[in-house]
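Colleague: Here is my input; please provide its structure:
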Amino acid sequence: MSGDVSWLSGLFSTVWGLAFVALLLGGSIFVHELGHFLAARWRGLKVDRFSIGFDPKIVSWKGRDGVDYQIGWIPLGGYVALPQLANPRALEGEPSAVAMDLPPVKYIDKMITVVAGVVFNLLFALVLSIILWVVGVPWPSASDTQVVGYVFPTMEALREGVPAYELPPGHIQRDFPADPAPAPAAAAGIKPGDRILAVDGRPIANFRDLPEAIALSSGRDDTGHPQVTITYERNGVKQDVKVFPALVPTNSRTGDTIREIGLMPAEKMIIGRMNDGSPAQAAGLHEGDEILAVNGQPVYCTAQLNDDFISKSNGPALVFTVNRNGQNVNVPVQPTPVPVTTPLATVTVNRGAVVATLDILPIYKVDATGNLALPATPAQKLLVWNVDNRGGAFGQMRSGDYLLRVNNREVGSVQQVIDTLQATPAGQAPSLVFDSESAHETATISLPPDFAAAVTPSATITRIGISGWKDDSPPEHPTPPAQFAHAFGQIFGMLGALFNRHSDIGIQHLTGPIGMSRMIYEFSEVDVRMALWFAFIINVNLAILNLLPIPVLDGGHILFFTIARLRRRELPQALISTAQAVCVVLIMSLALYVVINDSRRWSGESDVEAKSRHDSYYYLDQGSMKFPAPPVPPSTTATPEQQ
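Modeller: Below you'll find the model as predicted:
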């Protein structure tokens, strides 16, 4: 038996991810409630119900111990119903009749029972931290440095989230308008090679700390614009500079923005792969070479290498200094323009001030040979890629359809599309036959006679043909105390920013079960250790947040019990019930808002993924790049560096 079984791999991946969500997120809630449950049984308290999730219930059963066990539909937490502790009845239901006649509970028993949930979360976090200490956390090697590798030159590049040389070519719709204004770090004069030491006086250990410190900062100048003070070291001299972070949009559906200044970390540049016939290969660069400098100037990361040197090269060869087997070697390399996109068959219809545009691109076979940047190269399919259907010039044709015939002639390449259209007799309306993906049928449209058709050549970029890099850095093995210190700093920093009116962090940045589940799922697909690390963070967060002195939370119970202890009599039940009812409404409203916002954020990220898939059809795979034949190399090829 044979056939495509890729669906089986996808199914396994999905089941694996969902299992990790249930195990780590559900397990974190279960562990918390188990702490309350075991402590209550130990201290002799009556337990009515043990629930994971809130009502309405999905399934329930009564145990031999007389406790009702259930799983609820609302996955916003869980509870252990302890009628002797005046728990919120709006969430946990009315106590049993037997429970109404139970004796009061000692203060110490109350405190042990309430605190046990937090203790169990911290114990679970401790177990996870020990596992991570042993197996390691696979952070990218670049994130473990303080050294700047690349400075975004413009706001346009910063908002698009790519180095300047990777900005999309003209036929790709950009998410943001062109903005040549310098990005914040560039405007402040920060350069590659600078070592970032602190943000607003807070020490920065590495580039994992830096984005968080910028995002959570609350400084502002006299006009109210965000401002941070960056302490950095250049050539052994420490300097302070004021930088004005930009609020960069991160999600179109939620309107989320975050403070950024436009820096990327330095990284080792060890050559992993090169294109056959590329300038890098022809010049004598080897896999395993570590690039240190170009034309005598240090380079710190691939973005800087491409942006500052390769993409701007239009003259003599660049002299690469590489470390090869412990020896520095100089290798002259001549960058070459190379196609990075497919050609397009572009059709335009001009109706006065309105111009409708249609772009058709080739979909090649995976094992296609030949120059894929040439419009005459045969394609497996012709994809209707972009349709700007102003004035209805292209009828029901939509992006995602496949062109079959032009003027009743089958077409198999971009060049054939253009040649056939241009051969249409003057004054005659050409016909396009296509597979409609939305209607699941073959359809035909006629173009207006005043159309224009031409090949849009492949976009080019100057490259040397390095198509892959090695990351030989081992995983980090942070000790449990270091992990807890980082987690505590993260959650208290977030809470501080959340309640600081000068910061740009608000409740719209909070995430709930949906967001956390997605992150665990995505981490589990990349590396299980990342999912374990995130579960560790979740448990520390649950522990701290539950200790906040808010009625309904564990910290609220501790507050009520302690006040009663100090005043030597119980607080009025009406006061406790009112406070709990108000907080239940507020917390559930906040939870509902967070869930809705998480859903919208998910939709926004799905939009980005869909656009990325759409745009990816236009780009040639790096392995498909065809470099022109290299010139005869100069007599000085690879020579030891002069010391």
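Colleague: what's the helix or strand containing residue 282 in contact with?
Modeller: Here residue 282 sits within helix 279-283, counting by DSSP states H and E. Outside helix 279-283, the residues within contact range by CB atoms under 8 Å, 6 or more residues apart in numbering are 271, 274-275, 317, 320, 331-336, 463-466, 627, 630, 633, 637-638. Where you see a C-beta, it was placed from the backbone N, CA and C, and this is true even at glycine.
Colleague: Likewise for stretch 107-118?
Modeller: Against stretch 107-118 from outside (CB under 8 Å, 6+ apart): 32-33, 35-36, 38-40, 42-45, 82, 85, 542-543, 546-547, 554, 557-558, 561, 564-565.
Colleague: Next step: those restricted to helices.
Modeller: 32-33, 35-36, 38-40, 42, 542-543, 546, 554, 557-558, 561, 564-565 (DSSP state H).
Colleague: And the buried ones among the residues you listed, selectable in PyMOL?
Modeller: Buried subset of these, written as a PyMOL selection, criterion 16 or more other CB atoms under 10 Å:
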select buried, resi 32+33+35+36+39+40+542+543+546+554+557+558+561+564
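Colleague: and residue 386, what are its bridge partners?
Modeller: Listed by DSSP bridges, the beta-bridge partners for residue 386 are residue 359.
Colleague: Now which of the contacts of helix 279-283 would you call buried?
Modeller: 271, 274-275, 317, 320, 331-336, 463-466, 627, 630, 633, 638.
Colleague: what are the ranges of the strands in the stretch 251-400 of the chain?
Modeller: 257-260, 263-265, 270-274, 290-294, 297-298, 318-324, 327-333, 336-339, 344-351, 354-363, 381-388 (DSSP state E, counting those that start in this stretch).
Colleague: closest one to residue 186 among those strands?
Modeller: strand 263-265 (9.4 Å; CB to CB).
Colleague: Show me what that closest one packs onto, helices and strands only.
Modeller: Under the contact criterion of 3 or more CB pairs under 8 Å, 6 or more residues apart in numbering; DSSP states H and E, strand 263-265 touches strand 148-151.
Colleague: how does it look with 10 Å?
Modeller: strand 148-151, helix 184-188, helix 209-215, helix 302-304 (3 or more CB pairs under 10 Å, 6 or more residues apart in numbering; DSSP states H and E).
Colleague: Out of these, indicate the one that is most buried.
Modeller: Ranked by mean neighbour count, those are led by strand 148-151 with a mean of 25 (mean count of other CB atoms under 10 Å).
Colleague: helices or strands up against it?
Modeller: For strand 148-151, the packing partners by 3+ CB pairs under 10 Å, 6+ apart are helix 184-188, strand 263-265, helix 302-304.
Colleague: about what we covered before: any chance of the helices and strands packed on strand 263-265 in JSON lines, plus mean pLDDT and distance to residue 158?
Modeller: Formatted as JSON lines, these follow (pLDDT from 0 to 100; distance: least, CB to CB, whole Å):
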{"stretch": "strand 148-151", "mean pLDDT": "96", "distance to residue 158": "10"}
{"stretch": "helix 184-188", "mean pLDDT": "97", "distance to residue 158": "8"}
{"stretch": "helix 209-215", "mean pLDDT": "94", "distance to residue 158": "12"}
{"stretch": "helix 302-304", "mean pLDDT": "95", "distance to residue 158": "12"}
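Colleague: what's the spacing between the helix holding residue 282 and its chain's center?
Modeller: Chain-centre distance of helix 279-283: 34 Å, with CA atoms, centre = their mean, to the nearest Å.
Colleague: Could you do stretch 561-568 as well?
Modeller: 47 Å.
Colleague: Could you do stretch 228-236 as well?
Modeller: That offset, for stretch 228-236, works out to 28 Å (CA atoms, centre = their mean).
Colleague: In it, which residues are buried?
Modeller: For stretch 228-236, by 16+ other CB under 10 Å, it's 228, 230-232.
Colleague: Can you tell me which of those residues comes closest to residue 575?
Modeller: Nearest to residue 575 out of the buried residues of stretch 228-236 is residue 228 (CB to CB; 44.4 Å).
Colleague: mind listing what the closest residue to that closest one other than its chain neighbours touches?
Modeller: Leaving aside its chain neighbours, residue 228 sits nearest to residue 217 (4.8 Å; criterion: CB to CB, 6 or more residues apart in numbering). With contacts defined as CB atoms under 10 Å, 6 or more residues apart in numbering, residue 217 is in contact with 199-200, 202, 226-229, 243, 245, 259, 261, 493, 497, 500, 502-505.
Colleague: Drop anything exposed from those.
Modeller: Buried among these by 16+ other CB under 10 Å: 199, 202, 226-228, 243, 245, 259, 261, 493, 497, 503-505.
Colleague: Now do stretch 197-208: distance to the chain's middle.
Modeller: On CA atoms, centre = their mean, the centre of stretch 197-208 falls 22 Å from the chain's centre.
Colleague: and that stretch, how far apart are its ends?
Modeller: 13 Å (CA to CA, to the nearest Å).
Colleague: For residue 523, pull up the helix or strand it's in.
Modeller: helix 513-526.
Colleague: Please identify the buried residues of that helix?
Modeller: 513-521, 523-524.
Colleague: That one - contacts with which helices or strands?
Modeller: Secondary-structure packing of helix 513-526 (3+ CB pairs under 10 Å, 6+ apart): helix 6-21, helix 27-42, strand 68-81, helix 528-546, helix 573-616.
Colleague: quick one: which of the ones you listed is nearest residue 299?
Modeller: Per CB to CB, nearest to residue 299 of those: helix 573-616, 28.1 Å.
Colleague: where does that closest one sit relative to the chain's centre, distance-wise?
Modeller: With CA atoms, centre = their mean, you get 19 Å for helix 573-616.
Colleague: for the stretch 101-250 of the chain, what spans make up the helices?
Modeller: 107-135, 155-160, 184-188, 209-215 (DSSP state H, counting those that start in this stretch).
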